[in-house]
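[1] The amino acid sequence is not available; the structure is as follows:
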């Protein structure tokens, strides 16, 4: 039996204040879907009460053909999957990007140039240094492998937050104590990349554009931390790697951030499963929202 289509989709967003970039994101998508005759419901996750009553989940999602995930809610996602409703991106794809270490693990052994990265121990704190020889051995291993300075970040860091530059052993000890109880990683510091990187945006496994991010006041290039977006056309090497990563991580829409260290052998910094489209639309002059909508329609209908 053929599936009944409602020509209706769902966009899931976070509760609370939505900044201009997020508002632009979902409003542009709704606008482009409406042009195609597809209505869209926008739902904040706190407006949907997820519960199990008398053995049944109370979420009613059967009237939707698809869902645009601008959140990471595994519970609603599971109910969508149970009802055969596809998400863009899937929860698993989003989860693997949200966990930076998992991103590197999945992309390892794929002939992709990745920065040297070491997973930190979740219970590794400064209070254990004298009692635990393994903690001391581990720190020496990090120092030898990465050299000072190096970067420490939480595995689920976002927007440039929870990222620290470590210059010496004292800072190393202090940050391990601060992050004790969190999952975090250590990563080589690339001096050519101070305050700048290259972002490549991919829709439907195809590159749609790219730009450079520059922050003159911080070693982190994030626009949310004062960085600026500038036009930048990447080489075919960047495009091929970005598209390969989208395929490996099964991402419908994403951005791949590259360190600016080697034009002919790009090094991947991280992958974002929910990049803002305002910058890429403005700098590329392309209707990226329409490209994404057309991709969703081709996949669903």
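    Cool, got the structure. In this text the structure is predicted, and so the values were computed from the model without any measurement.

[2] contacts, neighbours, all on C-alpha from now
    Fine.

[3] Where do the helices of the protein begin and end?
    Per DSSP state H, the chain carries helices over the ranges 20-35, 74-82, 91-98, 100-107, 133-146, 169-179, 236-248, 278-284, 288-300.

[4] In terms of residue numbering, what are the domains of the chain?
    8-88, 95-113+192-287, 117-189 (automatic domain parsing).

[5] dump the residue contacts of residue 271.
    Residue 271 makes contact with 97, 100, 103, 254-257, according to C-alpha atoms under 8 Å, 6 or more residues apart in numbering.

[6] Narrow those to just the buried residues.
    97, 100, 103, 254-257 (16 or more other C-alpha atoms under 10 Å).

[7] Format these as TSV; extra columns: pLDDT and distance to residue 246.
    Shown next, in TSV, are the buried ones among the contacts of residue 271 (pLDDT from 0 to 100; distance: C-alpha to C-alpha, whole Å):
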residue	pLDDT	distance to residue 246
97	92	10
100	93	15
103	96	11
254	96	7
255	96	9
256	96	8
257	93	12
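
[8] Between those, which sits nearest residue 33?
    residue 254 (19.1 Å; C-alpha to C-alpha).

[9] Just list the residues touching the closest one, thanks.
    For residue 254, counting by C-alpha under 8 Å, 6+ apart, the contacting residues are 201-203, 246, 271-275.

[10] beta partners for residue 53?
    Beta-bridge pairing for residue 53 (DSSP bridges): residue 56.

[11] if I look at it, how far off is residue 176?
    Look at residue 53 and residue 176: by C-alpha to C-alpha, to the nearest Å, they are 43 Å apart.

[12] which of the two has more neighbours?
    residue 176 (23 against 8; other C-alpha atoms under 10 Å).

[13] where does this protein dip in pLDDT?
    1-2, 58-61, 121-134, 160, 193, 195, 218-227, 261-264 (pLDDT under 70).

[14] Kindly give a single ChimeraX line that selects the buried subset of the contacts of residue 254.
    To isolate in ChimeraX the members of these that are buried, counting by 16+ other C-alpha under 10 Å, one can use:
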select :201,202,203,246,271,272,273,274,275
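
[15] Among the contacts of residue 254, which lie within strands?
    Among those, the ones falling in strands (DSSP state E) are 201-203, 271-272.

[16] Out of the domains of the chain, which is closest to residue 301?
    Nearest of those (C-alpha to C-alpha): domain 8-88, 8.9 Å.

[17] Please name the bridge partners of residue 39.
    What pairs with residue 39, by the bridge criterion (DSSP bridges), is residue 8.

[18] Let's have the buried ones among the contacts of residue 271 in TSV, adding distance to residue 22.
    Below are the buried ones among the contacts of residue 271 laid out as TSV (distance: C-alpha to C-alpha, whole Å):
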residue	distance to residue 22
97	18
100	22
103	24
254	15
255	15
256	19
257	19
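
[19] So which of those is the closest to residue 31?
    Distance to residue 31 across the buried ones among the contacts of residue 271 (C-alpha to C-alpha) is lowest for residue 254, with 20.2 Å.

[20] Quick check: closest non-adjacent residue to the closest one.
    Spatial nearest neighbour of residue 254, chain neighbours left out: residue 273 (4.6 Å); criterion: C-alpha to C-alpha, 6 or more residues apart in numbering.

[21] Report the separation between residue 144 and residue 116.
    12 Å.

[22] whoops, I mixed them up, residue 231
    In terms of C-alpha to C-alpha, residue 231 sits 29 Å off from residue 116.

[23] Number of residues surrounding the closest residue to residue 248 other than its chain neighbours?
    Counting by C-alpha to C-alpha, 6+ apart, residue 248 lies nearest to residue 107, which is 7.1 Å off, once chain neighbours are set aside. Counted with other C-alpha under 10 Å, the neighbours of residue 107 add up to 18.

[24] All set, thanks.
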